[in-house]
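Engineer: Predicted model, plus sequence, below.
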Amino acid sequence: MNYIAIEEFCSHHGVQVTLIREFADFGLVHLQEQEQKAVLPAEEIEKLERLLRLHSELGINKEGLEIILNMRDQLLNLNSELETIRYRLQQMEKEQDLKLFGLGDNVNDLEGEV
């Protein structure tokens, strides 16, 4: 797993380390300790950058950021469920089409051949 020191991240983005620590204390991002330094896991960088934009450009506080993160996670989960449902619907439509053309009894046989 790759990490970046929060001091390096803050220097690059022009923000105070205390802000990132506040976000971490509030549970918005997860910091880890490595060689007595606070580091940010690579998979948290994009989320933290998004949080910083919302905080600085729109003035959204930590509580609002938490709500936005939760809503975003719910939206991503719903999109995933929707894709699964769409796929299942397509499969059912294909099976129905095969039945309409008189191939319904052999649907399972055809799936095994594909």
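Structural biologist: Here it is on my side, so go on.
Engineer: can you give me the strands in the chain?
Structural biologist: If DSSP state E is used as the criterion, the strands of the chain fall at 3-5, 32-34, 37-41.
Engineer: Provide the strand pairings for the last one, with the direction of each partner.
Structural biologist: Strand 37-41 pairs in its sheet with strand 3-5 (antiparallel), strand 32-34 (antiparallel), by DSSP bridges.
Engineer: quick one, what contacts the residue lying closest to residue 33 once chain neighbours are set aside?
Structural biologist: Spatial nearest neighbour of residue 33, excluding adjacent residues (CB to CB, 6 or more residues apart in numbering): residue 39 at 7.3 Å. C-beta: built from backbone N, CA, C; applies to glycine. Applying CB atoms under 8 Å, 6 or more residues apart in numbering, we find residue 39 in contact with 3, 4, 5, 6, 31, 32, 33.
Engineer: Identify the single longest helix in this structure, thanks.
Structural biologist: helix 62-100 (DSSP state H).
Engineer: Which elements pack onto it?
Structural biologist: Helices and strands touching helix 62-100, by 3 or more CB pairs under 8 Å, 6 or more residues apart in numbering; DSSP states H and E, are helix 17-26, helix 42-58, helix 107-113.
Engineer: Please state the offset of that helix from the chain centre?
Structural biologist: In terms of CA atoms, centre = their mean, to the nearest Å, the centre of helix 62-100 is found 14 Å from the chain centre.
Engineer: Next one: residue 57 from residue 2, what distance?
Structural biologist: Computed as CB to CB, to the nearest Å, the residue 57 to residue 2 distance reads 27 Å.
Engineer: residues contacting residue 22?
Structural biologist: Per CB under 8 Å, 6+ apart, neighbours of residue 22: residue 62.
Engineer: Let me fix that, I meant to ask about residue 51.
Structural biologist: 23, 28, 29, 65, 69.
Engineer: Need the pLDDT of it.
Structural biologist: Note on residue 51: pLDDT of 96.
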